[in-house]
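J.: Please work out how this folds:
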Amino acid sequence: MQILKRLITSFLTISLSFSALANFTELPVFGENPGNLEASYFASQEQSKALVVLLHGCAQHGDELAQQSGLLGLAKKHGFALLIPQQGLMNNIKRCFNWYSADDYTKDKGETLSIKNMITTVQKQLGAESVYVIGLSGGGAMASNMLVNYPTLFEAGAVIAGIPFPCADDLITGISCMKNGPSQTAEELTELTQQLNPQQINWPKLSVWTGASDNIVAPLNSLIHAKQWAQLANITTKPTVDKQQGYTVTRWQNSANEVQVELVEVTDLGHGIMVNPNTENGGEVSDYLLASPISTAKYVINFWKLQG
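T.: Sure, this is the predicted structure:
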């Protein structure tokens, strides 16, 4: 019986992988690729005006995450394109983006430059006018890096169970950041970010997510990240706190009374992206895809106003 269960599980996993792959087109050439990454993309038959970049977590395949999270279904429904950078085992034995390595997190170097080149290639190819980035865990940390290094490239971002940049500069400080939160205050992170972008005034909107019981990436990372981003936007007013059943949303509004930064804290859940299988394109439960009263993908697409 156990052997049969394993065979069924393996069959379903392979079927899911082929199903996800069938939706994506390989991007074999996208300019310089110093990070040695691979990429694929999804585009509807109509011209896509928006491009969403999905950065997967450790040990994940981005195309499967796109399908399981509900993001692929949302792209099909609302007509935006998806770009899936993919990490390989040759770069990282756990297939994590190397968000803590200076060779890869520095602007226009390593994986950072590879992802940038993927984005600009697909954006030009599809005629996309706006770009968004969403990342989970290690992919969330890399999304933070991309938003800081290339703020003019993105309209908005979402970081799920991730880490603010620049929090770590090597593996040791990276692990410390994951377990304990940043050693820097939000003010110090803001200052470091401004030093990297002294001329930047307008920053992308940001949605930050954490499970309140996350024991892999400390929820303190998300709180400090949201405060850092609010400070970059020069928001001085107190945030509003909206408590819902099972989660709380803290929102920082800009001078135009629009939500510029938000922090979503989901009660009693651990490390992962939130899915709600009971709603259309709400995602499905799997490893690091956690059953929740709220779907991260659906909520973020609404926050970004990509519903078509």
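J.: Any stretches of the chain with poor pLDDT?
T.: Residue ranges of the chain with pLDDT under 70: 1-22, 47, 308.
J.: Which strand residues bridge the residue positioned nearest the centre of it?
T.: Central residue of the chain (CA atoms, centre = their mean): residue 135, 1.4 Å from the mean position. Beta-bridge partners recorded for residue 135 (DSSP bridges): residue 55, residue 159.
J.: Relative to residue 64, how far out is it?
T.: Counting by CB to CB, to the nearest Å, the gap from residue 135 to residue 64 is 15 Å. (Glycine included, C-beta is placed from N, CA and C.)
J.: Verify the stated contact: the residue nearest to the centre of the chain with residue 145.
T.: No. With contact defined as CB atoms under 8 Å, residue 135 does not count as touching residue 145 (9.2 Å).
J.: those strands in the stretch 151-300 of the chain, which residues are they?
T.: Assignment of strands within the stretch 151-300 of the chain using DSSP state E, counting those that start in this stretch yields the ranges 156-160, 205-211, 240-244, 247-253, 259-266, 273-275, 289-291.
J.: Reformat those into JSON lines and put mean neighbour count next to each item.
T.: Below are the strands of the stretch 151-300 of the chain laid out as JSON lines (neighbours: other CB atoms under 10 Å):
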{"stretch": "strand 156-160", "mean neighbour count": "28"}
{"stretch": "strand 205-211", "mean neighbour count": "26"}
{"stretch": "strand 240-244", "mean neighbour count": "11"}
{"stretch": "strand 247-253", "mean neighbour count": "19"}
{"stretch": "strand 259-266", "mean neighbour count": "23"}
{"stretch": "strand 273-275", "mean neighbour count": "28"}
{"stretch": "strand 289-291", "mean neighbour count": "20"}
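J.: Turn those strands into JSON lines, columns for distance to residue 171.
T.: Below are the strands of the stretch 151-300 of the chain laid out as JSON lines (distance: least, CB to CB, whole Å):
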{"stretch": "strand 156-160", "distance to residue 171": "20"}
{"stretch": "strand 205-211", "distance to residue 171": "22"}
{"stretch": "strand 240-244", "distance to residue 171": "36"}
{"stretch": "strand 247-253", "distance to residue 171": "31"}
{"stretch": "strand 259-266", "distance to residue 171": "27"}
{"stretch": "strand 273-275", "distance to residue 171": "24"}
{"stretch": "strand 289-291", "distance to residue 171": "26"}
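J.: Quick check: which of those strands is nearest to residue 298?
T.: Nearest to residue 298 among those is strand 273-275 (9.2 Å), distances taken as CB to CB.
J.: can you pull the contacts of residue 142?
T.: 55, 97, 99, 105, 111-112, 115, 135 (CB atoms under 8 Å, 6 or more residues apart in numbering).
J.: Kindly apply the preceding question to residue 50 instead.
T.: 80-81, 128-132, 155, 304, 306.
J.: Residue 85 too?
T.: 37-39, 53, 55, 62, 114-115, 118.
J.: And it, how far from residue 163?
T.: Distance, residue 85 to residue 163, by CB to CB: 18 Å.
J.: Likewise for residue 122?
T.: To residue 163, residue 122 is 26 Å away according to CB to CB.
J.: So between these two, which is more surrounded?
T.: Neighbour count, other CB atoms under 10 Å: between residue 122 and residue 163, residue 163 has more, with 29 against 24.
J.: That one against residue 223, yeah?
T.: No. With contact defined as CB under 8 Å, residue 163 does not reach residue 223; the gap is 11.9 Å.
J.: any residues in contact with both of the two?
T.: Shared contacts of residue 163 and residue 223 (CB under 8 Å, 6+ apart): none.
J.: and the nearest residue to residue 110 once chain neighbours are set aside, what helix or strand is that in?
T.: Excluding the flanking residues, the one nearest residue 110 by CB to CB, 6 or more residues apart in numbering is residue 104, at 3.6 Å. Using DSSP states H and E, residue 104 falls within helix 102-105.
J.: now for the helix or strand following that helix, which elements pack on it?
T.: Per DSSP H and E, helix 102-105 leads on to helix 110-126 as the next helix or strand towards the C-terminus. Packing contacts for helix 110-126, counted by 3 or more CB pairs under 8 Å, 6 or more residues apart in numbering; DSSP states H and E, involve strand 38-42, strand 50-55, strand 81-86, helix 102-105, helix 138-149.
J.: Give me the angle between the longest one and strand 81-86.
T.: The directions of helix 138-149 and strand 81-86 differ by 110 degrees, with axes from the mean of the first three to the mean of the last three CA atoms, to 10 degrees as the criterion.
J.: same thing with the first one?
T.: Interaxial angle, strand 38-42 versus strand 81-86 (the same axes, to 10 degrees): 160 degrees.
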